[in-house]
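Asker: Make a model of this:
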Amino acid sequence: MPVSVNIRLPAKLVHLEQLVDFVANCAQRHGITHKRVGEIKVAAEEAIVNVINYAYGENEGDIEVVCISEDDRFIIKIVDSGSPFNLLSHKDPDIYMDMSERAIGGLGIYLIKKLVDYIEYKRENESNIVTLVITNKIRSEQLPA
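Answerer: Numbering: from 1, shown residues only. Below is the predicted model:
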């Protein structure tokens, strides 16, 4: 049976560390390895920073982070009621392009996509919901050569 816990705070940078630590603690309780928890923290931080920086513009609003532990999956839902923003609609940057020629931004979303096993965006009831899924399976890049 899935276990769900959540935290809701004002979407402000001052709360970033608390939100990321919440995700890390949930991941550790799920039994995820220390290395993988580090990757999850980076992905969660990038997604949370996007909400803090862009969801509400000059207005104020909240961010809710929900962690769900299932047998074979750890799920993070990041919810805000700011402007619609589908991070999946943004094209991945050309990471092989010279830095001086590459547009600024977009690497955070790229990192999120690389660090989690599945990502989903939906707009529901005037809220943005970004779902990050981490499975308990070993990823191919973690296998010894």
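Asker: Now do the strands in this structure.
Answerer: In order along the chain, the chain carries the following strands (DSSP state E): 3-10, 62-69, 73-80, 118-124, 127-135.
Asker: Output the lowest mean pLDDT helix or strand found in this structure.
Answerer: Within the chain, confidence by mean pLDDT, DSSP states H and E is lowest for helix 107-115 among all helices and strands, at a mean of 82.
Asker: quick one: average pLDDT of the longest helix seen in the chain?
Answerer: Longest helix in the chain, counting residues (DSSP state H): helix 34-50. Here the mean pLDDT over helix 34-50 is 95, rounded to a whole number.
Asker: One more: stretch 130-137?
Answerer: If you average the pLDDT over stretch 130-137, you get 88.
Asker: tell me which residues of it are tucked away?
Answerer: Buried residues in stretch 130-137, counting neighbours by 16 or more other Cβ atoms under 10 Å, are found at 130-134. From N, CA and C alone the C-beta is placed, and that goes for glycine too.
Asker: Spell out for me which residue occupies the centre of the protein.
Answerer: With distances taken as Cα atoms, centre = their mean, residue 44 lies nearest the centre of the chain, 3.4 Å away.
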